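Novice: show me the folded form of this:
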Amino acid sequence: MPYEQARDELTELVRRMEAGGLSLEESLQLWERGEQLATICEEWLEGARARLAAALARQNKPADAPGAPF
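Specialist: I've put the predicted structure just below:
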């Protein structure tokens with residue numbers, strides 16, 4: 001599931017829970033789904049952080065470092 005889809009579904013789920021009027025069973029089901037969605041979002045964000053860190057490390061690598069193209 002793409003990050004944006006998981007985030008949007010999580011946002012809607014929170015809105016529904018905050019509105020109230022749900023049974024205990026419905027609330028528990030939404031909570032469990034929310035935990036799944038939060039995990040998906042966190043995995044995407046961790047991957048993005050890792051990619052950003054790698055890109056910054058490459059950008060900050062000195063030109064005369066071993067493995068430099070020129």
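
Novice: state the helix or strand in which the most centrally placed residue in the chain lies.
Specialist: Using Cα atoms, centre = their mean, the residue of the chain that lies closest to the mean C-alpha position is residue 41, 2.4 Å off. Residue 41 belongs to helix 24-59 when assigned by DSSP states H and E.

Novice: now do the buried residues in that helix.
Specialist: Using 16 or more other Cβ atoms under 10 Å as the test for burial, helix 24-59 gives 30, 34, 37, 40-41, 44. Backbone N, C-alpha and C define where each C-beta goes, glycine included.

Novice: can I get those residues in CSV including pLDDT and distance to residue 52?
Specialist: Formatted as CSV, the buried residues of helix 24-59 follow (pLDDT from 0 to 100; distance: Cβ to Cβ, whole Å):
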residue, pLDDT, distance to residue 52
30, 97, 32
34, 97, 26
37, 98, 23
40, 97, 19
41, 97, 16
44, 97, 13
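
Novice: just flag the most distant two among those.
Specialist: Longest distance between any two of those is 20.9 Å, between 30 and 44; criterion Cβ to Cβ.

Novice: relative to residue 5, how far out is residue 15?
Specialist: As judged by Cβ to Cβ, to the nearest Å, residue 15 and residue 5 stand 16 Å apart.

Novice: please apply the same query to residue 28.
Specialist: Taking Cβ to Cβ, one finds residue 28 at 23 Å from residue 5.
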